[in-house]
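Asker: need coordinates for the below:
(chains A and B)
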Amino acid sequence: MSALRELIPLDPPRLMKAAPILRMEGITRRFGKVVALQDVSATVYPGEVLGIVGESGSGKSTLLRLMNLEDTPDGGDYRLGIPEAEGNLFELGRYERRMLRSRRIGIVYQNPHLGLLMRNSSSGNVAERLLIAGERRFAELRARAEDALSASEFPLERMDAPPIELSGGMQQRVQLAKAIALEPALLLLDEPTTGLDVSVQALVLDTLKRLQRDRAITMVLVSHDLGVIRTMADRVMVMRRGHVVEEGLADQIFQDPQHEYTQALVHAKL
Amino acid sequence: MTYDTVLLARTQETPAEQPAAQPVLEVQNLTKCFEMHHLNKRLLAFEGVSFRLFRGQFLLLIGRNGAGKSTLLRTLYRSYRPRGGHIWLNTAEGRIDLARAADVDIALLRRREIGFVTQFLNPRPRVTAEDIVAEPLRLAGRSKEESLAEARRWLEEFGVKRALWAAYPSTFSGGEQQKVNLARALILPQRLLMLDEPTASLDVETRRALVRRLAALKKAGVAMIGVFHHRADIAELVDSELDLTTKEVHDVAE
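Answerer: Numbering: from 1, shown residues only, chains lettered A, B, ... in the order given. Take a look at the predicted model:
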C-alpha cells in the first residue's frame, strides 16, 4: 500500500488535446450484499487501447457491461465524447440506450452465443446491425457486411454459413465484423480470445491490432490473460475485488508494478 | 525535420535576455527505488541523479554493474515510475516534467519526441519486418507507400536480407531481430534518443551501420543518452560521461 502513496502523483493530461471518448466516474454496483464495483473511474482517449486485468470476480466484466449500457449501476456517471451522447448515459431510457449501443458501441463477448444468432447466416448477423441503423437496400447491406467481414479477416466464401458451423476463431471474427460494421466510437472486448487455441488466439489478436492501427478504433479490452493485455494495451487498469488497485502505461505495469497485488499477478505470469 | 523547425521557430521567438540554448533534458535529483512486497524489501536503484543534456549531445552512462544505468534509462522513459526528482523535457509544446506527466502524455511523447532502443525486439505475431519498421512513420502520418519505401531503405542499411523483409521476425535469429529493431527505432529522428546496449549481439557490419546512423542523428540535433558495453564502438560520438557510481558528469576531450 505504501508504495502507491509514496509515488509522485501524476499531473492531468496537458499534451493530449483530444477530449476523452469514454469517461466513467464513481461507478458503484452492488448485487445484493456483494459489492461488484466500488467507486471505479476510467478514462479512455481516442485511438487508445485500455486493458483491464484482474482475477475472476474482480468486477472487470461488470464494468464492461456497464460501458455497453447493458446494466445500470447504483451510482456513478458515464459519458461518451460523441455528439449523439449527451449527459450521464445511465439516465437514458431503454430505447435510447439501445440505439446508442447498436449504433456507436461494438462489443465482442468471450461466448459467441451472447453476441450472435448462431443459426442465422454470418453475413445476416453482421447486416442486422446495419438494418437497425436504417439501411434497407439489400445490395448495400450485403456490400457493407462483406466489408466488415473482410476487415475482420473472415473468409468471404463462408459468409453465408451460420456461426454454429464455424470454428471458435471464426465465430469471434463474425462478432468482430458485427461490432465494427457501423464504425463504432468504442469497441468493447470481453475476453475475446479466451478459450481459443494459442495459434488462433494470435490470429485474432493480430486482426484486432491491425484494425486498431488502420482505423484507430478506441478499445477497452478485458482479459485475465496478461499476455493478451501486454500485446494489445497502451494503458492498463488492474482490478481487484471491485476496486482499481493500479493504473499505468502497459510497459510500466509489467516492468515496474507498484501495488502488492499487481506484483503478485505479474510474477505469477513470469 | 519537424522538431528542428519547431526549435528554430522557438529560438527566433526567444527574447534576447534568455539563454539561447535550453537543454533538451534536465534531470534534477532523480531517485528510483523498487518496493518488493513479497520480500518486504525496498531496493534503492539510484538517488540524487542530476544532469543536463543539450541538442546534439551524446551522454554515455558509466558505472559498475548494478549502478543503475539501465534503470536510469527506463526511468527517464517512464517504464519505471521515479520516486523523487524531476525529468524536464523541452518539448515542442513547452517544458514537461516526465516524472509527473500523465500516462497519455507520455504515450504521445514516445511517438513524437522520445525514442528508446533496447537489445530486444518485441515481435508481434503476423506483422512483417517492413511493417514493423514502417510503423513509426505511419503513426507520424506518412503515407503507406512512402513509409514502406523508407523502411526498406533502412532494412537494407542495417543488412537485413531482402528475402526477410516481408517475413515475420518472430522466427528470425537474435541478430536479425536486433537489426529490425534498430531500423524501427532509428527511422524517425526524435528529440531525445535513449540507447540501452544496442550493439550487443550485432556483427561488425551492423555495428558500423548503427554508428553511422547515430552520427547522422547527432548531427541533425538529436540528444542521446546511452549505455554501451563496448565503449570503443561509439567512442567518437561521446561528448560527456555520467558516472552513476559517483554521480558526476565530465566532458570527454576531443
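Asker: ok, which residues in the stretch 1-150 of chain A are in contact with chain B?
Answerer: Counting by Cβ under 8 Å from any Cβ of the partner chain, the stretch 1-150 of chain A comes close to chain B at A:2-3, A:6-16, A:45, A:48. Bear in mind the C-beta positions are built from the backbone N, C-alpha and C, glycine included.
Asker: neighbours around residue 152, how many?
Answerer: Picked chain A for this. Counted with other Cβ atoms under 10 Å in any protein chain shown, residues neighbouring A:Ser152 total 25.
Asker: hmm, I had chain B in mind actually
Answerer: 19.
Asker: just to be sure, it is in a strand?
Answerer: No. Per DSSP: H, G, I helix; E, B strand; the rest coil, B:Arg152 lies outside any strand segment and is helix.
Asker: residues contacting it?
Answerer: B:130, B:165 (Cβ atoms under 8 Å, 6 or more residues apart in numbering or on different chains).
Asker: ok, it to A:Lys209 distance?
Answerer: For B:Arg152, the distance to A:Lys209 equals 22 Å [Cβ to Cβ, to the nearest Å].
Asker: restricted to buried residues, select the residues of the stretch 1-150 of chain A next to chain B in ChimeraX.
Answerer: In ChimeraX syntax, the buried subset of the residues of the stretch 1-150 of chain A next to chain B is picked out as below (16 or more other Cβ atoms under 10 Å in any protein chain shown):
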select /A:3,7,10,13,14,15,16,45,48
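Asker: pick the one among the residues of the stretch 1-150 of chain A next to chain B closest to B:Val252.
Answerer: Closest approach between the residues of the stretch 1-150 of chain A next to chain B and B:Val252, by Cβ to Cβ: A:Ile8, at 32.4 Å.
Asker: verify the stated contact: that closest one with B:Arg78.
Answerer: No. Counting by Cβ atoms under 8 Å, A:Ile8 stays clear of B:Arg78, with 10.9 Å between them.
Asker: was I right to think A:Gly168 contacts A:Gln201?
Answerer: No. A:Gly168 lies out of contact with A:Gln201 (Cβ under 8 Å); the separation is 9.6 Å.
Asker: these two - which one has more neighbours?
Answerer: Taking neighbours as other Cβ under 10 Å, A:Gly168 and A:Gln201 compare with A:Gln201 leading, 22 against 16.
Asker: in stretch A:38-48, what counts as buried?
Answerer: A:40, A:42-48.
Asker: what about B:Glu146, how many residues nearby?
Answerer: Using other Cβ under 10 Å, B:Glu146 has 12 neighbouring residues.
Asker: which residue is the nearest non-sequential neighbour of it?
Answerer: Distance criterion Cβ to Cβ, 6 or more residues apart in numbering or on different chains; nearest residue to B:Glu146, sequence neighbours excluded, is B:Leu137 at 7.2 Å.
Asker: and the one you found, what element?
Answerer: Per DSSP states H and E, B:Leu137 falls inside helix B:129-139.
Asker: CA atoms only: put that helix into CSV for me.
Answerer: What follows is helix B:129-139, C-alpha atoms only, in CSV (Å, rounded to 0.1, in the frame of the first residue of the first chain):
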residue,chain,number,x,y,z
ALA,B,129,9.7,-6.9,-40.8
GLU,B,130,9.0,-4.0,-43.1
ASP,B,131,5.7,-3.1,-41.5
ILE,B,132,7.3,-3.1,-38.1
VAL,B,133,10.0,-0.7,-39.3
ALA,B,134,7.5,1.5,-41.2
GLU,B,135,5.1,1.8,-38.3
PRO,B,136,6.7,4.9,-36.6
LEU,B,137,6.4,6.7,-39.9
ARG,B,138,2.8,5.7,-40.4
LEU,B,139,2.0,6.8,-36.8
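Asker: which SS state does A:Gly248 fall under?
Answerer: A:Gly248 - assigned by three-state DSSP - is strand.
Asker: and the pLDDT at it?
Answerer: pLDDT recorded at A:Gly248 is 97.
Asker: that one and A:Arg235 touch, don't they?
Answerer: Yes. Using Cβ under 8 Å, A:Gly248 is in contact with A:Arg235, at 6.8 Å.
Asker: common neighbours of the two, please.
Answerer: Shared contacts of A:Gly248 and A:Arg235 (Cβ under 8 Å, 6+ apart): B:Asp103.
Asker: pLDDT (mean, whole number) over stretch B:65-83?
Answerer: 95.
Asker: what's in contact with that stretch?
Answerer: A:6-8, A:248-249, A:251-252, A:255-256, A:258, B:25, B:27, B:30-33, B:45-46, B:49, B:61-63, B:87, B:98-99, B:101, B:106, B:110, B:114, B:116, B:194-197, B:225-227, B:244-245.
Asker: now do stretch A:155-165
Answerer: Contacting residues not belonging to stretch A:155-165 are listed as A:112, A:116-123, A:125, A:145-146, A:149-150, A:166, A:170-171, A:174 [Cβ under 8 Å, 6+ apart].
Asker: at 10 Å what do you get?
Answerer: Defining contact as Cβ atoms under 10 Å, 6 or more residues apart in numbering or on different chains, one finds that stretch A:155-165 is touched by A:112-113, A:115-126, A:142, A:145-146, A:149-150, A:166, A:170-175, A:177.
Asker: got the end-to-end distance for stretch A:31-51?
Answerer: The first and final residues of stretch A:31-51 sit 24 Å from each other (Cα to Cα, to the nearest Å).
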